[in-house]
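**Q** could you work out the structure for the sequence below:
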Amino acid sequence: MTVDPAYLFISSEPLLLNEAVADLRDRAIPPENRDLNYLALYGWDAEIGTVLEFLQTIPFLADRRMLEIREIQKLSDWKKLLDYLKDPNPQSCLVMTSSELKRKDPAFKALSRHSRASELKRPHDNALAGWVVKRFHESGKRIDHDLARMLVMIAGSSLSSLSTEVEKLVLHAGERDVIEEADLDASLPGGVETVFSLLDAIGDGDGPHAMICLKRLMESGTRPEQLVHMMARHYRQLIRAGALIKSGMTPGDAAARLGIRYPKLQEKFTRQLVRAKNRDLEYDLERLSATDRLLKTSPIPEAVVMDKLLLDLLV
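**A** As a prediction, the model looks like this:
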């Protein structure tokens, strides 16, 4: 196997960074040889002297050593690595990662000249369901693409969160090869039906039922931030579908264009589209954004914040 002396991975998704490093580590150093040949440091704690000493040391009973520096931009003396990278130790592998660096940043440009650099991009919203399907496939399971989309809608777009939900569903399915909607009901807090019942109740203007669904979801462990994210995604889809309808599409065709093909989901979504004609969806999105900020910064109890959000969306 070929392992280069230096790598630079940048991504806003921690899961992608962690998996890229793990894959490289698995290829470079056998597990039995890692104790003395692998070291992970954070940029803000690393000292350049320690870094260079590790990289220049001969591997112990192994072909190479590996040093991982997480958040490389936080290493105050990162420029001193450039001299090493011009003539690196072929028996060492330096892996640098960052969740903040961009391709245009001076640190990325300088370090990438002397390393194998990669920007690990997260799938965009429309591709997330495909990412989930692939994740299940890697675990030996199959899931309908529309069910995968439903999982994304409920669990959110964070790859780390989605990966955790996939693991939970794989365990719940046991020896069965196919993931079913019943698995989602059992695994997701409150169940799939309660989530969509909440959206339906908001769309219907049914305040009492919306409050019941919200309380049930929060009592079952669903985080308020997750619910806000789910609602915001739903409203953005309604806005996009509304634009498609204005161009001449039927509500059903607009839903299908957005990838909503699962019969139950499409039926609910098309009903929402009809009701949404009388609402200022952009204003509703602003309310959701303000609620997200409140949940992150305000000492107001979460239940109070969420109740106020429902009142805003139901007016």
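
**Q** can you pull out the strands in the stretch 151-300 of the chain?
**A** Using DSSP state E, counting those that start in this stretch, the strands of the stretch 151-300 of the chain run over 178-179.

**Q** meant to ask about the stretch 1-150 of the chain, not that
**A** Secondary structure of the stretch 1-150 of the chain (DSSP E, counting those that start in this stretch): strands at 6-10, 38-42, 65-70, 92-98, 116-119, 142-143.

**Q** tell me the most buried of these?
**A** Using mean count of other Cβ atoms under 10 Å, the stretch among these with the largest mean neighbour count is strand 92-98, at a mean of 25. Every C-beta, even on glycine, is put in place using the N, C-alpha and C of the backbone.

**Q** CA atoms only for that one - export them in PDB, please.
**A** Output in PDB follows, covering the C-alpha atoms of strand 92-98 (Å, rounded to 0.1, in the frame of the first residue of the first chain):
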ATOM      1  CA  SER A  92       6.400   9.000   9.100                       C
ATOM      2  CA  CYS A  93       3.000  10.200   8.000                       C
ATOM      3  CA  LEU A  94       1.700  13.600   9.100                       C
ATOM      4  CA  VAL A  95      -2.100  14.000   9.000                       C
ATOM      5  CA  MET A  96      -3.400  17.500   9.400                       C
ATOM      6  CA  THR A  97      -7.200  18.200   9.700                       C
ATOM      7  CA  SER A  98      -9.300  21.300  10.000                       C
END
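
**Q** how does this protein divide into domains?
**A** Following automatic domain parsing, one finds the domains of the chain at 6-119, 125-187, 191-314.

**Q** may I see these arranged in JSON lines, with mean pLDDT as well?
**A** Output for the domains of the chain, formatted as JSON lines (pLDDT from 0 to 100):
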{"stretch": "domain 6-119", "mean pLDDT": "92"}
{"stretch": "domain 125-187", "mean pLDDT": "85"}
{"stretch": "domain 191-314", "mean pLDDT": "83"}
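
**Q** quick one, phi psi at residue 44?
**A** Per-residue torsions, residue 44: phi -70, psi -20 (degrees, to the nearest 10).
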